[in-house]
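K.L.:
Generate a structure from the sequence data that follows.
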Amino acid sequence: MNLKTTYMGLELKNPVIAASSPVSQNIDSIRSAADAGAAAVVMFSLFAEQLETGSETPYLPDVYTVDPEAYLNLLSLAVKTAGIPILGSLNGITSEGWVEYAKKVEQAGAAGLELNIYHVAADPGETGADIEKRHLDILKAVKNAVRIPVAMKLSPYFSSLGNMAGQFDDAEADALVLFNRFYQPDFDLDAMEVEATLDFSTAAEIRLPLRWIAMLHGKLKASLAASIGVQTGAEVVKYLLAGADAVMTASALIKNGPEYAGTLIKELQEWMRIKEYDSVEQFKGTMSQRAVPNPGEFERANYIKVLETYRRKQD
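P.N.:
Down below sits the predicted model:
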């Protein structure tokens with residue numbers, strides 16, 4: 001059974017990738033994921049604010065400052081001992097600092113680099129065009145600085161996601177990762193403070209990236225990766241059917257251990273055996289919208305069908 005796939009120009013032995021998460025914060029977890037069969041590991045993110053020791057950001061205490069050399073040493077060790085591609089990850093909102101550390105990640109031996117641009121447009125004066133330009137400027141600056149492939153981890157909140165994906169593709173992004181999962185705050189009513197919450201993803205959350213991967217498949221040169229809601233092999237299969245080249249998981253590995261990557265791969269193989277598929281390429285993208293002449297009409301029709309199904313149940 002051939003599970004091979006190509007992601008951002010890299011030939012992977014299967015589509016399952018350990019996403020950027022605490023799993024990659026120590027070499028033992030990285031090796032465990034690799035030994036279990038994960039095709040690649042994305043390192044935990046280096047945040048721009050953590051690298052700027054003289055940062056004036058008042059909301060982050062000194063404990064959040066990290067040693068970039070320790071990060072690069074861990075990455076280098078993983079590259080030498082894990083036996084699979086290791087991808088770096090940078091998180092920021094401006095082009096300052098990205099180029100320097102992108103070069104260092106490349107020098108440490110990373111097979112590729114994931115850019116994770118977490119930006120909440122809290123300034124009403126900032127336009128959608130401003131935000132799009134910021135993302136494109138960062139991508140272009142990094143692409144000009146390194147030779148390794150570069151992936152953009154996207155927000156689902158662009159006003160025209162399909163158009164933005166096309167612009168990233170034109171700017172030579174090697175892959176698009178759908179999507180960045182933003183954590184929303186809550187209020188602590190006793191302490192009267194904003195409370196940071198961390199909830200693991202659920203399988204139900206695959207629907208938004210599933211839709212967009214199905215709509216973008218076959219329309220871009222860049223690879224497509226899915227990155228939300230992967231809890232079992234069923235989600236891996238669904239993303240591949242939509243047209244994903246790779247499927248990333250973080251929550252499932254945190255909850256079940258990095259070796260759970262092997263379970264996801266076995267469940268993928270079992271589904272392929274039942275459906276009599278010999279390779280991932282045979283069925284990848286077969287449920288995408290590549291053959292649909294008007295995806296917008298298709299989506300509205302499905303929306304109406306869902307509502308009518310509910311109404312019939314009520315009658």
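
K.L.:
residue contacts, the spatially closest residue to Gln184 that is not a sequence neighbour?
P.N.:
Spatial nearest neighbour of Gln184, excluding adjacent residues (Cβ to Cβ, 6 or more residues apart in numbering): Thr197 at 7.2 Å. In this view, the C-beta of every residue, glycine as well, is placed from N, C-alpha and C. By Cβ atoms under 8 Å, 6 or more residues apart in numbering, the contact set of Thr197 is 183-186.

K.L.:
quick one: Glu172 and Asn144 touch, right?
P.N.:
No - look at Glu172 against Asn144 with Cβ atoms under 8 Å: they stay out of range, at 9.8 Å.

K.L.:
With neighbour numbers in mind, choose between the two.
P.N.:
Glu172 (14 against 10; other Cβ atoms under 10 Å).

K.L.:
which SS class is the nearest residue to that one once chain neighbours are set aside?
P.N.:
Once flanking residues are discounted, Glu172 sits nearest to Lys143: 5.7 Å by Cβ to Cβ, 6+ apart. State at Lys143, reduced to three classes by DSSP: H, G, I helix; E, B strand; the rest coil: helix.

K.L.:
Wait, Lys143 touches Asp170, no?
P.N.:
No - Lys143 is beyond contact range of Asp170, at 11.7 Å (criterion: Cβ under 8 Å).

K.L.:
So which of these two has more stuff around it?
P.N.:
Lys143 (19 against 12).

K.L.:
Pull up the per-residue confidence for the more buried one.
P.N.:
Looking at Lys143, its pLDDT is 96.

K.L.:
now swap in the one 4 residues further on and tell me
P.N.:
pLDDT for Arg147: 97.

K.L.:
Contact partners for it?
P.N.:
Glu106.

K.L.:
Roughly how far does it sit from Ile138?
P.N.:
Distance from Arg147 to Ile138, counting by Cβ to Cβ, to the nearest Å: 17 Å.

K.L.:
most neighbours, which of the contacts of Thr197?
P.N.:
Asp186 (12 neighbours).

K.L.:
Write down the beta-bridge partners of that residue, one by one.
P.N.:
On the basis of DSSP bridges, Asp186 is bridged to Glu195.

K.L.:
In this structure it contacts Glu195, no?
P.N.:
Yes - using Cβ under 8 Å, Asp186 is in contact with Glu195, at 4.7 Å.

K.L.:
and Trp271, what does it touch?
P.N.:
Here Trp271 is in contact with 233-234, 237 (criterion: Cβ under 8 Å, 6+ apart).

K.L.:
go with 6 Å
P.N.:
Trp271 sits next to Val237 when contact means Cβ atoms under 6 Å, 6 or more residues apart in numbering.

K.L.:
How about Ser227?
P.N.:
Taking Cβ under 6 Å, 6+ apart, one finds 19, 177, 248 in contact with Ser227.

K.L.:
Which ones among the residues you listed lie within strands?
P.N.:
177, 248 (DSSP state E).

K.L.:
and which of the contacts of Ser227 is nearest Ser29?
P.N.:
Closest to Ser29 out of the contacts of Ser227 is Ala19 (12.7 Å), distances taken as Cβ to Cβ.

K.L.:
Provide a list of residue ranges in the stretch 1-150 of the chain with pLDDT below threshold.
P.N.:
For the stretch 1-150 of the chain, the stretches flagged by pLDDT under 70 are 48-66, 94-97.

K.L.:
Mind jotting down where the helices sit in it?
P.N.:
27-36, 48-51, 68-81, 98-107, 128-145 (DSSP state H, counting those that start in this stretch).

K.L.:
Touching the last one from outside, list them.
P.N.:
This means helix 128-145. Contacts of helix 128-145 (Cβ under 6 Å, 6+ apart): 95, 98-99, 102-103, 117, 121, 150, 152, 159, 171-173.

K.L.:
CA-only coordinates of it in PDB, if you can.
P.N.:
Written as PDB, here are the backbone C-alpha positions of helix 128-145 (Å, rounded to 0.1, in the frame of the first residue of the first chain):
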ATOM      1  CA  GLY A 128      -8.300  44.600   4.700                       C
ATOM      2  CA  ALA A 129      -5.800  45.600   2.000                       C
ATOM      3  CA  ASP A 130      -3.300  46.600   4.700                       C
ATOM      4  CA  ILE A 131      -3.600  43.200   6.300                       C
ATOM      5  CA  GLU A 132      -3.200  41.400   3.000                       C
ATOM      6  CA  LYS A 133      -0.200  43.500   2.100                       C
ATOM      7  CA  ARG A 134       1.400  42.700   5.500                       C
ATOM      8  CA  HIS A 135       1.100  39.000   4.800                       C
ATOM      9  CA  LEU A 136       2.400  39.100   1.300                       C
ATOM     10  CA  ASP A 137       5.400  41.300   2.300                       C
ATOM     11  CA  ILE A 138       6.400  38.800   5.000                       C
ATOM     12  CA  LEU A 139       6.100  35.900   2.600                       C
ATOM     13  CA  LYS A 140       8.100  37.700  -0.100                       C
ATOM     14  CA  ALA A 141      10.800  38.800   2.300                       C
ATOM     15  CA  VAL A 142      11.300  35.200   3.600                       C
ATOM     16  CA  LYS A 143      11.200  33.600   0.200                       C
ATOM     17  CA  ASN A 144      13.900  36.000  -1.000                       C
ATOM     18  CA  ALA A 145      16.100  35.100   2.000                       C
END
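
K.L.:
No further queries at this time; thank you.
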